[in-house]
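Asker: Next input, structure requested:
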Amino acid sequence: MPLERRYWLLVGVMGIAVSSVLLLSSGPVMSDWRLPFIWLPGVLSEATDIQKTVLIDIRLPRLVLGLMVGAVLAQSGTAMQTLCRNPLADPGLIGISGGAAVFALAVIALGPEFGLQGQLWVSGAAFTGALLTTFVVYHLAGGRSGVHVATLLLAGVAINALAGSILGLLSYYANDDALRLMSFWQMGSLAGADWQQLPLGFLFMGVSCVALFIHRRAINTLLLGERQARYLGVNVGTLKRRIIFFVALGVGGAVALTGMIGFIGLIIPHIARMLVGANVRWLMPVSMLFGAAILVLTDWLAKTLVAPAELPIGIITAAIGAPFFIYLLMKQRRRFYA
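Answerer: Modelled structure (predicted):
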């Protein structure tokens, strides 16, 4: 089995390589499979300055952002599903992304009136919203026997509905520029990626990624239940607080840069679980690799399906994720009534 698991890690790396080449080599203009390899001797010896600018300043930051956000969302979904011991715990479905978006868009729409402008305030607001929402959802759905599936989903529905109403109110008060940006956020996109905006969001997501990855062995003990984890020497209370904090940090950083991209944190951990099992020591790295590859591949589809226009990436992930979510609900229902 370890050899088979390493095989899926390799598949994930290869998926990242293929999706990266597709994204870097194609677009509404200047599509050439040789573009990602312009630095190799003899591949594209007459590369123009425009080609280099398109590759380095437009497509490369978009690729880097897609890889990071895909890995963070998939990792956060894995951590939340393990914490809740429930396969439906996705940062988008249970309202974490919505809470982050409300706080961030409040800064975008109303911040200039109070002198709150810039990526620092937006990222900080997104993290605060994600953190508060995570605590609220977890405490609403938590019980002695773990997190209740029905309560978790209902809490997510309520929070997403509240977030939608607040976003509508913010849209009413926003000016034209803020309104366009808010529309982009609510549908999710990687189109706004540039090197100036990436560092702060990457700091948030990088700390989240590293911290959750370091804690993956302790997180793995939660599969046995909290009591058994305590018997194994794990401080469960501290571990849960850290998971919630770092998931909120990563989701907040992702939402601050890309808006609301749903279902990556739901679909990818399930695919990885079917391939390598529930052991978080293997599940988390495979989920991160697959999440990065699939989000970049989805972004490539968003750029090419209706070229020269571009679809918001959140539309594609929702179109794929919603049927998958219905399948999971039906599977849970059959298990409950069996």
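Asker: and the residue sitting nearest the centre point of the chain, what does it touch?
Answerer: Nearest to the geometric centre of the chain sits L73, at 2.6 Å (CA atoms, centre = their mean). The neighbourhood of L73, defined by CB atoms under 8 Å, 6 or more residues apart in numbering, consists of 91, 250-251, 254, 261, 264-265, 268, 291, 295. (C-beta placed from N, C-alpha, C; glycine too.)
Asker: Next: I219.
Answerer: Contact partners of I219, counting by CB under 8 Å, 6+ apart, are 79, 82-83, 212, 239, 243, 280, 284.
Asker: Let's see which of those end up in helices.
Answerer: Here DSSP state H is the test, and the contacts of I219 give 79, 82-83, 212, 239, 243, 280, 284 as lying in helices.
Asker: any chance of the contacts of I219 in CSV, plus distance to R180 and neighbour count?
Answerer: Putting the contacts of I219 into CSV (distance: CB to CB, whole Å; neighbours: other CB atoms under 10 Å) gives the following:
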residue, distance to R180, neighbour count
A79, 34, 30
T82, 38, 22
L83, 37, 21
L212, 34, 24
L239, 42, 18
I243, 36, 24
V280, 41, 25
M284, 37, 25
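Asker: Next, give me the two most distant ones among these.
Answerer: Using CB to CB, the two most remote members of those are L239 and M284, lying 14.5 Å apart.
Asker: Find the nearest non-adjacent residue to I16, please.
Answerer: A293 (4.6 Å; CB to CB, 6 or more residues apart in numbering).
Asker: hang on, the earlier thing: tell me which helix or strand the residue nearest to the centre of the chain sits in.
Answerer: Counting by DSSP states H and E, the secondary-structure element that holds L73 is helix 60-84.
Asker: Just the mean pLDDT for that helix, thanks.
Answerer: Helix 60-84 shows a mean pLDDT of 92 in the predicted model.
Asker: now swap in stretch 160-170 and tell me
Answerer: The predicted confidence, averaged over stretch 160-170, sits at 87.
Asker: Next: stretch 25-39.
Answerer: For stretch 25-39, the mean pLDDT works out to 75.
Asker: same question, stretch 214-225
Answerer: Across stretch 214-225, the average pLDDT comes to 90.
Asker: Start and end of it, how far apart?
Answerer: Across stretch 214-225, the terminal residues are separated by 20 Å (CA to CA, to the nearest Å).
Asker: Could you export the contacts of I219 as CSV, including distance to G115?
Answerer: Formatted as CSV, the entries for the contacts of I219 read as follows, by distance: CB to CB, whole Å:
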residue, distance to G115
A79, 36
T82, 41
L83, 38
L212, 34
L239, 39
I243, 34
V280, 43
M284, 40
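Asker: quick one: which of these is nearest to F135?
Answerer: With CB to CB as the yardstick, the closest approach to F135 among the contacts of I219 comes from I243, at 11.5 Å.
Asker: measure the closest one to L132 for me?
Answerer: To L132, I243 is 16 Å away according to CB to CB, to the nearest Å.
Asker: ok, now L65?
Answerer: Shown here: L65 relative to L132, a distance of 25 Å by CB to CB.
Asker: what about those two, which has more around it?
Answerer: Relative neighbour count places L65 above the other of L65 and L132, with 26 against 16, counting by other CB atoms under 10 Å.
Asker: lowest average confidence, helix or strand, in this structure?
Answerer: strand 146-147 (a mean of 58; mean pLDDT, DSSP states H and E).
Asker: Skip ahead from that strand and say which helix or strand is next.
Answerer: Taking DSSP H and E, what comes next after strand 146-147 is helix 149-173.
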